[in-house]
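# Kindly generate the corresponding structure for this input.
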Amino acid sequence: MTFYLPDKAESDPALVDLLLGWVTCENWGDSRTYLVEHADQLNTSAAENALKALVDANPETEVLKLHEELLGAARLAGPDAAYEAIDESVRRIALADRLVAWVSRSEEHTSELQSHHD
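Numbers count the residues shown, from 1 in each chain. Below you'll find the predicted structure:
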């Protein structure tokens, strides 16, 4: 993933690197761990402002917007509460995927039965 970086006058480059390490984690579990391990640096107004600058420099990059919301939620309610919402969304998406697969199989089966019946 490639990002446009904010002007160095806007944000501390080391903090931007730390934020990029967070937003590019492989999965939500790693992301949560990264945020907790770097809470002293990331749970700050400076990090929030640097992330806002990243979002502004990359307005089409949804992962940055999502992390901006996630950081705000983590700062407000703690990382467990922030990631709980993501965990619930992931569970809902997985359930929806299973439901779509089941309906597709059911429709195929019904179609096969109808073709044999005709």
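# Tell me who's in contact with the residue nearest to residue 67 when sequence neighbours are not counted.
Leaving aside its chain neighbours, residue 67 sits nearest to residue 23 (4.7 Å; criterion: CB to CB, 6 or more residues apart in numbering). The way it works is simple: take the backbone N, C-alpha and C, and place the C-beta from them, glycine included. By CB atoms under 8 Å, 6 or more residues apart in numbering, the contact list for residue 23 reads 31, 63-64, 67.
# Residue 23 and residue 102: what is the separation?
34 Å (CB to CB, to the nearest Å).
# returning to what we had before: gap between the residue nearest to residue 67 and residue 12?
Counting by CB to CB, the gap from residue 23 to residue 12 is 16 Å.
# tell me which element residue 100 is part of?
helix 79-117 (DSSP states H and E).
# in the protein, which helix or strand is least confident?
Within the chain, no helix or strand scores below helix 79-117, which has a mean of 74 by mean pLDDT, DSSP states H and E.
# hmm, back to that, ok, which pair from the contacts of residue 23 is furthest apart?
31 and 64 (13.0 Å; CB to CB).
# More neighbours: these two, which one.
The neighbour count for residue 31 versus residue 64, taken as other CB atoms under 10 Å, is higher for residue 64 (22 against 19).
# The more buried one: what's its closest spatial neighbour, skipping adjacent residues?
Closest to residue 64 by CB to CB, 6+ apart is residue 55, at 4.8 Å.
# Many thanks, have a good one.
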